[in-house]
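Colleague: Predicted coordinates and the sequence they were generated for:
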Amino acid sequence: MTAFTKGEPTKVHHLDRDPEFLMELPAFIQIHRILINRQGLR
């Protein structure tokens with residue numbers, strides 16, 4: 001992610017075609033970490 005954003009992963013970098021595919025352009029970026037407890041999963 002930092003290679004694309006030049007070291008700023010939370011800075012918004014819009015692509016030329018974003019308005020074609022997004023209903024609105026995001027003003028900020030959220031980064032989430034997903035944790036999985038594999039114990040008990042079958």
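Modeller: Happy to help now that I have it.
Colleague: and residue 19, backbone torsions?
Modeller: phi -60, psi -20 (degrees, to the nearest 10).
Colleague: what about the nearest residue to it once chain neighbours are set aside, distance to residue 18?
Modeller: Nearest non-adjacent residue to residue 19, counting by C-beta to C-beta, 6 or more residues apart in numbering: residue 25, 6.8 Å away. For the C-beta atoms, the positions are set from N, CA and C on the backbone; glycine is no exception. The spacing between residue 25 and residue 18, counted by C-beta to C-beta, to the nearest Å, is 6 Å.
Colleague: Tell me which of the two has more neighbours.
Modeller: residue 18 (13 against 9; other C-beta atoms under 10 Å).
Colleague: Now the more buried one. Its backbone dihedrals?
Modeller: phi -50, psi -40.
Colleague: Where does pLDDT dip in the protein?
Modeller: Low-confidence segments of the chain (pLDDT under 70): 1-6, 40-42.
Colleague: go with 80
Modeller: The chain contains residues with pLDDT under 80 at 1-9, 38, 40-42.
Colleague: ranges for the helices of it?
Modeller: Along the chain, the segments classed as helices by DSSP state H run 2-5, 18-21.
Colleague: one step back: which neighbours do residue 25 and residue 18 have in common?
Modeller: With contacts defined as C-beta atoms under 8 Å, 6 or more residues apart in numbering, no residue is shared by residue 25 and residue 18.
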